[in-house]
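Asks: no sequence on this one, just coordinates:
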């Protein structure tokens with residue numbers, strides 16, 4: 001006979017994920033400073049004491065959100081860059097669209113705006129985010145640009161500056177979504193926005209005689 005685990009045991013195993021999900025919602029809604037651990041526990045439907053069994057601080061909760069939600073996407077992106085055999089234009093397009101699907105279009109998309117607004121008050125947290133998310137994201141894009149330049153598909157550009165220019169419109173789309181877009185009823189169509197951004201970017205990068 002199959003042994004069915006009691007409901008209490010199944011819930012206990014799910015609690016860390018429930019807590020990070022609740023923390024993400026509250027971080028995006030209220031900001032890091034405005035979120036209290038008791039609020040996270042209440043949102044997850046557990047006691048504050050239960051929360052402390054898994055996380056001893058808001059900082060630990062935030063790091064767990066990044067580790068569980070964002071870092072796997074970057075790891076998948078690194079694998080994509082390692083194994084991709086198509087054009088660098090298709091690789092760049094795939095990375096941006098995959099990032100939007102798995103992060104930008106979800107609640108995780110509120111994390112970049114959260115860090116922009118809270119970095120000055122929580123420098124240690126900002127450093128963690130920079131080292132684990134921004135630095136790794138830049139490395140992925142750096143590899144794509146260098147790949148395209150090396151094969152002659154992309155023209156020679158200042159790679160570090162190009163990385164900033166490529167990421168900036170995507171960041172603006174997120175900031176707008178969680179600021180003016182949320183309160184003023186003026187929202188962009190992400191699909192059309194990203195398609196236009198990629199069209200301009202890839203045509204700007206294309207070497208003479210090379211179609212993006």
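Replies: Looks like it arrived, so ask away. All of these numbers come straight from a predicted model, not from anything done at the bench.
Asks: helices or strands up against the helix or strand residue 78 falls within?
Replies: Using DSSP states H and E, residue 78 sits within helix 71-83. Of the remaining helices and strands, those touching helix 71-83 by 3 or more CB pairs under 8 Å, 6 or more residues apart in numbering; DSSP states H and E are helix 88-99, helix 135-151. (Each C-beta comes from the backbone N, C-alpha and C, glycine too.)
Asks: Now do the buried residues in the first one.
Replies: Right, the one you point to is helix 88-99. By neighbour count with 16 or more other CB atoms under 10 Å, helix 88-99 contains the buried residues 88-89, 91-96, 99.
Asks: so which of those comes closest to residue 168?
Replies: Of all those, residue 96 has the smallest distance to residue 168: 12.4 Å, by CB to CB.
Asks: Quickly note the distance from the closest one to residue 66.
Replies: Residue 96 is 20 Å from residue 66, where distance means CB to CB, to the nearest Å.
Asks: Kindly report the same for residue 155.
Replies: Distance of residue 155 to residue 66, given as CB to CB: 35 Å.
Asks: Just want to know which of the two has more residues nearby.
Replies: residue 66 (20 against 13; other CB atoms under 10 Å).
Asks: Could you break the chain into its assigned domains?
Replies: The chain is divided into the following domains under automatic domain parsing: 1-56, 65-205.
Asks: tell me the mean pLDDT over stretch 157-169?
Replies: The pLDDT scores in stretch 157-169 average 97.
Asks: er, stretch 103-120 actually
Replies: For stretch 103-120, mean pLDDT rounds to 92.
Asks: Identify all contacting residues around it.
Replies: Stretch 103-120 has contacts (CB atoms under 8 Å, 6 or more residues apart in numbering) with 24-25, 27-28, 31-33, 65-66, 69-70, 73, 102, 125-126, 129, 170-171, 173-175, 177-179, 190.
Asks: Name the nearest residue to residue 179, sequence neighbours excluded.
Replies: Leaving out its chain neighbours, the residue that sits closest to residue 179 by CB to CB, 6 or more residues apart in numbering is residue 113, at 6.9 Å.
Asks: cool, residue 47 as well?
Replies: The shortest distance from residue 47 to any non-neighbouring residue, by CB to CB, 6+ apart, is to residue 41 (6.1 Å).
Asks: So that neighbour sits against residue 54, correct?
Replies: No - at 10.5 Å, residue 41 does not count as touching residue 54 under the criterion of CB atoms under 8 Å.
Asks: between the two, which one's more packed in?
Replies: Ranked by neighbour count (other CB under 10 Å), residue 41 and residue 54 place residue 41 first, with 20 against 15.
Asks: residues contacting that one?
Replies: For residue 41, the contacting residues are 19, 22, 47-48, 50-51, by CB under 8 Å, 6+ apart.
Asks: Output these in TSV, with secondary structure appended to each entry.
Replies: TSV is the format used below for those (DSSP: H, G, I helix; E, B strand; the rest coil):
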residue	secondary structure
19	helix
22	helix
47	coil
48	helix
50	helix
51	helix
